[in-house]
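Visitor: Fold the stuff below for me.
(one chain, ligands or ions: 2)
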Amino acid sequence: MYLTNKAKLKIIPLGGLNEIGKNMTVFEYGNDIIVVDCGLAFPDDEMLGIDLVIPDISYLLKNKDKVKAIVLTHGHEDHIGALPYVLKQLNLPIYGTRLTLGLVENKLKEYGLLRDSKLITVKPKETVKIGQFKIEFIRTTHSIADSVALAIHTPVGVIFHSGDFKIDYTPIAGEVADFHRFAELGAQGVLVMLCDSTNIERPGYTMSERTVGETFDNLFRKAEQRIIVATFASNIHRVQQIIDSAHKFGRKVAISGRSMINVVNVAKELGYLDIPADILIDLDEANKLSFDKVVIITTGSQGEPMSALTRMASSEHKKVEIVPGDTVIISASAIPGNEKFISRVINQLFKKGAEVIYDTLADVHVSGHACQEEIKLLHTLIKPRFFIPVHGEYRHLKQHAHLAESLGMDPKNIFIADNGTVLEFTKSSGRITGTVTAGKVLVDGLGVGDVGNIVLRDRKHLSQDGLFVVVVTISKEKRSIIAGPDIISRGFVYVRESEDLIEEAKNLVRKTLSQCEKDDICEWTSIKTMIKDCLSSLLYEKTKRNPMILPIIMEI
Ligand SMILES: [Zn+2]
Ligand SMILES: [Zn+2]
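Guide: Ligands and ions are numbered 1, 2, ... in the order given. Reported below is the predicted structural model:
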């Protein structure tokens, strides 16, 4: 009892702040911790060779006994992608809506983790009790079906977490967001709101998903030959609209790309896709049909190098060859950083004679995130006492704070936090009280966290200036050179065309070694450092480059 009276609610973001990706937030009260979302991020250009990035969960591991559950808002990778890695270290029950857990199940199956996992399906409007928290799931609309916001009822007050959302009054399937409940919560009093900041820089409203369907109808009506549509696999409503348009114009639909096939299967099984009988065919059948009867739905809307659309564009796809007359619709917008990949794919498709339609040419995409006016509506309905902008880079969080102020919020009650910031709330107060370990864990192949800053620095060095290896064999007794020096270089200069430079480098190594012999220097590390230093100056002087130099000395 003492604890309940004294305890404060802690909110600790472990990911998703000052970045878009790897969302994860800790809610802690007394001896209970729940984790909201468990996402991954994609590596930026600096992270050479890294496959993906997950949040650092040291804080959770340190408080293992307190952590009770993971609660998911929706099934996007930036909210569920780190689950396989986190569950290996912390086997926790996972709460989510049906489609979200359907996608999670698929993922855990891939990693062989499904058998030991406990997945608990919840419905919008339901409330579950986890420790001292009561978590209420509230329907929202987003670019994936079955998204929810959360009202977390705690002993100090209600915390409202928007999840990712937009306000779509005419969603494709299911219902609109539960505005009644938002307003009710607001009227009863919300202590803290955490709200999606992704599109905070965009004025106005995000268009309804339905507008994309109208564009599809217009494009399908005009297309005389085959239609290929690339979109995000998880955007089931988009896939539904493509199928609907295909049906309307008497075309069959083939699905291409592994993640698209996976998601369509899960969604179909769970009843989230309404697919007319016999409309789905495979790619082999599609090749036998007259092309004006075919639509292919594919992955690759981001121009990802291994994706199906990219392979089609570069003639590397086993079953689909782009031909003049094809209409290719890229139903997505570029995630920052992917622009050049998409641009390359578009160029290749045009060169092959396809008609390419993308977001600057037609309304073939709408965002899944709320613009300013929608965000204002949510603030106005929820009327929180304290506010933490989330799901955004620093500039987004800052803009979101400005927006909250413009709606009359006291700037002292707005917290721009970082991953690892500890925020503490009582019934009437809120403040930042410290930090915990948080950050990026890099995943490369099977390695999780074994690639850190030092490895990345080496990769960057190698990628920019290449490698220069000197191998020399020395006699143990006489300390004279028995073999070598030989030089191997990669990514620095082409050895056969740089014989003079290589010869000069070899002479320099010989000279350095005989100097060492004279001066009676026999410490290997000192000899290696001397070789490195003299070569480094020579190579820089001759080429203005700084390759990584590796001296290898063998002793017999
Ligand atoms: Zn999302
Ligand atoms: Zn997200």
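Visitor: Endpoint to endpoint, stretch 418-431 covers what distance?
Guide: 14 Å (CA to CA, to the nearest Å).
Visitor: how close does residue 79 sit to residue 142?
Guide: For residue 79, the distance to residue 142 equals 10 Å [CB to CB, to the nearest Å]. To be clear about C-beta, it is placed using only N, CA and C from the backbone, and glycine gets the same treatment.
Visitor: Need the overlap of contacts for the two.
Guide: By CB atoms under 8 Å, 6 or more residues apart in numbering, residue 79 and residue 142 have these common neighbours: residue 164.
Visitor: Could you give me the buried positions within the lengthiest strand in the chain?
Guide: Assignment by DSSP state E gives strand 481-490 as the longest strand of the chain. By neighbour count on 16 or more other CB atoms under 10 Å, the buried set for strand 481-490 is 481, 484, 485, 487, 489.
Visitor: doesn't residue 389 make contact with residue 400?
Guide: Yes - Residue 400 is within contact range of residue 389, at 3.6 Å (criterion: CB atoms under 8 Å).
Visitor: what's the overlap in contacts for those two?
Guide: With CB under 8 Å, 6+ apart as the test, residue 400 and residue 389 both reach 195, 197, 200.
Visitor: Ranking by neighbours, what's the top pick from those residues?
Guide: residue 197 (28 neighbours; other CB atoms under 10 Å).
Visitor: Could you find the closest non-adjacent residue to that residue?
Guide: Spatial nearest neighbour of residue 197, chain neighbours left out: residue 392 (3.3 Å); criterion: CB to CB, 6 or more residues apart in numbering.
Visitor: That neighbour: how many residues sit nearby?
Guide: Applying other CB under 10 Å, we find 24 other residues in the vicinity of residue 392.
Visitor: go on, residue 134?
Guide: Using other CB under 10 Å: residue 134 sits among 14 other residues.
Visitor: got the contact list for the closest residue to it other than its chain neighbours?
Guide: With CB to CB, 6+ apart as the criterion, residue 134 has its nearest non-adjacent residue at 3.9 Å, and that residue is residue 153. By CB under 8 Å, 6+ apart, the contact set of residue 153 is 127, 133, 134, 135, 136.
Visitor: hang on, residue 153 is in a helix, isn't it?
Guide: No - Residue 153 is assigned strand when assessed by DSSP: H, G, I helix; E, B strand; the rest coil, not a helix.
Visitor: What pLDDT does the model give the residue lying farthest from the centre of the chain?
Guide: What lies farthest from the middle of the chain is residue 478; by CA atoms, centre = their mean that is 58.7 Å. With respect to pLDDT, residue 478 scores 70.
Visitor: Got the phi and psi for it?
Guide: Taking degrees, to the nearest 10, you get phi -80, psi -10 for the backbone angles of residue 478.
Visitor: you'd agree residue 476 is up against residue 553?
Guide: No - at 11.3 Å, residue 476 does not count as touching residue 553 under the criterion of CB under 8 Å.
Visitor: Comparing the two, which residue is more hemmed in?
Guide: Higher neighbour count among residue 476 and residue 553: residue 553, with 16 against 9, using other CB under 10 Å.
Visitor: Tell me where the model's unsure across this structure.
Guide: 1-5 (pLDDT under 70).
Visitor: continuing past the longest strand of the chain, what's the next helix or strand?
Guide: helix 499-518 (DSSP states H and E).
Visitor: May I have that next one as CSV, with CA atoms only?
Guide: The C-alpha atoms that make up helix 499-518 are tabulated as CSV, following Å, rounded to 0.1, in the frame of the first residue of the first chain:
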residue,chain,number,x,y,z
GLU,A,499,54.2,-1.1,-60.2
ASP,A,500,56.5,1.8,-59.5
LEU,A,501,54.6,2.8,-56.4
ILE,A,502,54.6,-0.8,-55.2
GLU,A,503,58.3,-1.2,-55.8
GLU,A,504,59.0,2.0,-53.9
ALA,A,505,56.9,0.8,-51.0
LYS,A,506,58.8,-2.5,-50.9
ASN,A,507,62.1,-0.7,-50.9
LEU,A,508,60.9,1.5,-48.0
VAL,A,509,59.9,-1.6,-46.0
ARG,A,510,63.3,-3.1,-46.6
LYS,A,511,65.1,0.1,-45.5
THR,A,512,62.9,0.3,-42.4
LEU,A,513,63.6,-3.3,-41.5
SER,A,514,67.4,-2.9,-41.9
GLN,A,515,67.2,0.2,-39.8
CYS,A,516,65.4,-1.7,-37.1
GLU,A,517,68.1,-4.4,-37.3
LYS,A,518,70.8,-1.8,-36.9
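Visitor: which parts of it are buried?
Guide: For helix 499-518, by 16+ other CB under 10 Å, it's 501, 502, 505, 506, 508, 509, 512, 513, 516, 517.
Visitor: Please apply the same query to stretch 78-91.
Guide: If you call a residue buried by 16+ other CB under 10 Å, then stretch 78-91 has these buried ones: 78, 79, 80, 81, 82, 83, 84, 85, 86, 87.
Visitor: any chance of those in JSON lines, with secondary structure and distance to residue 58 too?
Guide: Shown next, in JSON lines, are the buried residues of stretch 78-91 (DSSP: H, G, I helix; E, B strand; the rest coil; distance: CB to CB, whole Å):
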{"residue": "78", "secondary structure": "helix", "distance to residue 58": "21"}
{"residue": "79", "secondary structure": "helix", "distance to residue 58": "20"}
{"residue": "80", "secondary structure": "helix", "distance to residue 58": "21"}
{"residue": "81", "secondary structure": "coil", "distance to residue 58": "19"}
{"residue": "82", "secondary structure": "coil", "distance to residue 58": "14"}
{"residue": "83", "secondary structure": "helix", "distance to residue 58": "17"}
{"residue": "84", "secondary structure": "helix", "distance to residue 58": "18"}
{"residue": "85", "secondary structure": "helix", "distance to residue 58": "13"}
{"residue": "86", "secondary structure": "helix", "distance to residue 58": "12"}
{"residue": "87", "secondary structure": "helix", "distance to residue 58": "16"}
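Visitor: re the thing from before, check the shared contacts of residue 400 and residue 389 one by one and keep those near ligand 2.
Guide: Near ligand 2, judged by CB under 5 Å from the ion, there are no entries from those.
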